[in-house]
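>>> no sequence on this one, just coordinates:
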């Protein structure tokens, strides 16, 4: 049996995918696991223990002729067909698309056949989006920076592959951790230095040069004799130089742009602590089991992409100006020295809960509790506000209207065009309810996701599936309506 795992995102996403692939190979040792990566990031494939073969998708080479001239379109199509034929020739029994992107959904459908079991985004024969598994549907509706999801991507990926992670799945081969890989960095104090990634995957995911200057100054003052090592890619050299410009740091080493991919895991492994924003180095630290201090802002969702190694912490602020360099230095001192007198705001927990982090900073979230009720069978949370109550009533009215018109279409009563228009209007009004009430958004996204993913079929099948979506929504609404009715009776009873 051959299995294809598609991950066309960047280095950090590949590392977060690696534990799931390792677990897949461990649980199904007889399967031949292929991993498809973009050529630009395919070098990371060598670090995935569970990959029997790493394949490369060279987008630039395929699209190059088309981008250079109008006459190159035929050449690009030819190259695309060749690459697709190479993949189809493998006759994969299962295909897992962990990229969750429009392009990868078409690619998944094209390399699959009627007997292939597909997980993740794909396409129906008519080109509409097809998401056959529940975990990927969850990703489609609830995962993202602006959403209240608290399931880490490491766990989302493993759930898509239907594997249970062990600690060994989150580790690298020991050869990539050997101190001999650092022989050309003889000035490093192994096991005693703090690693700081000065950049991030995107500019807004890290702190400014000025803030880094403040943080490094405070760290050097608060942690006696500490060695600070700056790391980053070649394109971040100028940023590192600006950080060091005009400073008189005695024990800061600048390795930005100086490290090879085969060295980064050993560098992280022999550090005492790793500090960074939402970046590759957070996941490098995690996969080698090193403690990490993640500086996180509202531009990312640390619940999804934060560190995942034991003892790691998250310092969250809405924006950089709200992040105190003194607070950073305080947490660095505590993590470096092992001082536990002051609890961390957010720290990695390895409990059986879905959430990766716990601590005073893990503020309760009604939206997250609602998500757990919808997808994991937890108890539904009590209504948080009157606005939510009114939204539930409005949704119940719209649901009743929709079900009434669906029934009219089925029985052939009235004008089908009028009924269809009413259903379209219901969809628009449901979206307006979501716009006016933040707390109800997970419920509406859950409903809209289910409805938008109804497969192609006969009129009767589409009517049945549409009715089922509204009936499911009605069931959830009924729970809250009954609670409202009970509450109103109690208030009325109290008056008399």
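Good, I have the coordinates. Predicted, not measured: the structure shown is a model, and the values here were computed from it.
>>> just the strands in the stretch 301-450 of the chain please.
Applying DSSP state E, counting those that start in this stretch to the stretch 301-450 of the chain gives strands spanning 313-316, 347-348, 357-358.
>>> Reformat those into a markdown table and put mean pLDDT and distance to residue 368 next to each item.
Where you see a C-beta, it was placed from the backbone N, CA and C, and this is true even at glycine. Output for the strands of the stretch 301-450 of the chain, formatted as a markdown table (pLDDT from 0 to 100; distance: least, C-beta to C-beta, whole Å):
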| stretch | mean pLDDT | distance to residue 368 |
| --- | --- | --- |
| strand 313-316 | 96 | 15 |
| strand 347-348 | 93 | 18 |
| strand 357-358 | 92 | 12 |
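>>> So which of these is nearest residue 243?
Of all these, strand 313-316 sits nearest to residue 243, with 18.8 Å by C-beta to C-beta.
>>> How about residues contacting that closest one?
Applying C-beta atoms under 8 Å, 6 or more residues apart in numbering, the external contacts of strand 313-316 come out as 291-297, 302, 306-307, 323, 327-328, 331, 335, 344-348, 357, 361.
>>> Low-confidence bits of the stretch 351-496 of the chain, can you list those?
By pLDDT under 70, the low-scoring segments of the stretch 351-496 of the chain are 351-353, 490-496.
>>> Could you rerun that using 80?
Applying pLDDT under 80 to the stretch 351-496 of the chain flags residues 351-354, 413-415, 489-496.
>>> about what we covered before: between the strands of the stretch 301-450 of the chain, which one is nearest to residue 431?
Closest to residue 431 of the strands of the stretch 301-450 of the chain is strand 313-316 (C-beta to C-beta; 29.9 Å).
>>> and that closest one, how far from the chain's centre?
17 Å (C-alpha atoms, centre = their mean, to the nearest Å).
>>> what comes up buried for that strand?
Neighbour-count burial for strand 313-316 flags 313-316 (criterion: 16 or more other C-beta atoms under 10 Å).
>>> And for stretch 76-95?
Buried residues in stretch 76-95, defined by neighbour count with 16+ other C-beta under 10 Å: 76, 79-80, 83, 87, 92, 94-95.
>>> need the residues you listed in JSON lines with distance to residue 111, can you?
Output for these, formatted as JSON lines (distance: C-beta to C-beta, whole Å):
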{"residue": "76", "distance to residue 111": "18"}
{"residue": "79", "distance to residue 111": "15"}
{"residue": "80", "distance to residue 111": "12"}
{"residue": "83", "distance to residue 111": "10"}
{"residue": "87", "distance to residue 111": "4"}
{"residue": "92", "distance to residue 111": "7"}
{"residue": "94", "distance to residue 111": "11"}
{"residue": "95", "distance to residue 111": "6"}
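>>> Between all of those residues, which two are separated the most?
Maximum pairwise distance among those (C-beta to C-beta): 29.1 Å, between 76 and 94.
>>> quick one on the thing from earlier: now the contacts of strand 313-316: which count as buried?
By 16+ other C-beta under 10 Å, the contacts of strand 313-316 give 291-297, 302, 306-307, 323, 328, 331, 335, 344-348, 357, 361 as buried.
>>> Which ones among the residues you listed map onto helices?
302, 328, 331, 335 (DSSP state H).
>>> quick one: stretch 157-166 to chain centroid distance?
The chain centroid and the centroid of stretch 157-166 are separated by 14 Å under C-alpha atoms, centre = their mean.
>>> Any idea how many residues pack against residue 417?
8 (other C-beta atoms under 10 Å).
>>> do you know how far it is from residue 179?
Distance, residue 417 to residue 179, by C-beta to C-beta, to the nearest Å: 74 Å.
>>> same question, residue 470
62 Å.
>>> of the two, who's got more company?
Higher neighbour count among residue 470 and residue 179: residue 470, with 21 against 14, using other C-beta under 10 Å.
>>> Please, which helix or strand holds that one?
Using DSSP states H and E, residue 470 maps to helix 459-495.
>>> For residue 354, give me its contacts.
150-151, 155, 372, 376.
>>> Only the buried subset of the residues you listed, as a ChimeraX command please.
Here is the ChimeraX command that selects the buried residues among the contacts of residue 354 (16+ other C-beta under 10 Å):
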select :150,151,155,372
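>>> Listing request: residues of the stretch 151-300 of the chain with sub-threshold pLDDT.
Those would be 201, if you go by pLDDT under 80 across the stretch 151-300 of the chain.
>>> Show me the helices in it, by range?
For the stretch 151-300 of the chain, the helices defined by DSSP state H, counting those that start in this stretch cover 153-160, 209-222, 237-244, 264-269, 280-287.
>>> Tell me which of the ones you listed sits most buried.
helix 280-287 (a mean of 27; mean count of other C-beta atoms under 10 Å).
>>> tell me what that one is packed against?
Helices and strands touching helix 280-287, by 3 or more C-beta pairs under 8 Å, 6 or more residues apart in numbering; DSSP states H and E, are helix 11-27, strand 193-197, helix 264-269, strand 271-276, strand 292-296.
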